[in-house]
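In: For reference, the sequence and a predicted model appear below.
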Amino acid sequence: MTPDGVIQQMKDGNERFRSGKPRHRDLMREVKATAKGQYPAAIVFSCVDSRAPPELILDFGIGDIFSGRVAGNVADEDIMGSIGVCLQSGGLESRAGHGPHRLRRHQGRD
């Protein structure tokens with residue numbers, strides 16, 4: 001999937017969340033479906049704020065995204081290391097980073 005396609009999925013999911021019409025999910029089925037591997041579409045780096053879990057506000061299911069959360073959206077060495085592991089192990093070809101002032105899209109491995 002292209003970065004623009006991933007961003008569109010996020011926008012569509014957020015619209016479902018905001019309108020109160022998220023997809024019905026069978027979480028136990030999703031857990032079983034991802035037991036042998038995960039192939040998320042994106043890494044979402046966001047604040048640790050418990051009121052805004054990316055999986056819920058973007059209407060994604062289990063295994064759909066890697067979620068990196070830290071207080072204040074501060075990308076320190078630890079969180080960058082975690083993101084690096086996700087990039088190496090998850091086979092991500094498209095990634096998007098969101099911060100308070102910009103949205104960055106990347107395709108391929110850097």
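Out: Thanks, I have it. Residues are numbered from 1 along each chain as shown.
In: dump the residue contacts of the spatially closest residue to residue 73 that is not a sequence neighbour.
Out: Counting by CB to CB, 6 or more residues apart in numbering, residue 47 is the residue found nearest to residue 73 once chain neighbours are left out, at 5.3 Å. The way it works is simple: take the backbone N, C-alpha and C, and place the C-beta from them, glycine included. Neighbouring residues of residue 47 by CB atoms under 8 Å, 6 or more residues apart in numbering: 69-73.
In: Which members of those are the farthest-apart pair?
Out: Pairwise distances across the contacts of residue 47 (CB to CB) peak at 10.7 Å, for the pair 69 and 72.
In: The two: which is more packed in?
Out: residue 69 (17 against 9; other CB atoms under 10 Å).
In: what helix or strand is residue 43 on?
Out: strand 42-47 (DSSP states H and E).
In: quick one: low-confidence parts of the chain?
Out: The model of the chain has pLDDT under 70 over residues 90-110.
In: can you rerun that using 50?
Out: 100-110 (pLDDT under 50).
In: What pairs with the strand holding residue 43, parallel or antiparallel?
Out: Sheet partners assigned to strand 42-47 using DSSP bridges are listed as strand 65-70 (parallel).
In: C-terminal to the strand it pairs with, what's the next element?
Out: Later in the chain than strand 65-70, the nearest helix or strand by DSSP H and E is helix 77-90.
In: Show me how far that next one is from its chain's centre.
Out: Mean-position distance between helix 77-90 and its chain equals 13 Å (CA atoms, centre = their mean, to the nearest Å).
In: packing partners for the one helix or strand residue 11 maps to?
Out: Secondary structure assignment for residue 11, by DSSP H and E: helix 3-18. Applying 3 or more CB pairs under 8 Å, 6 or more residues apart in numbering; DSSP states H and E, one finds that helix 3-18 contacts helix 54-57, strand 94-98, strand 103-107.
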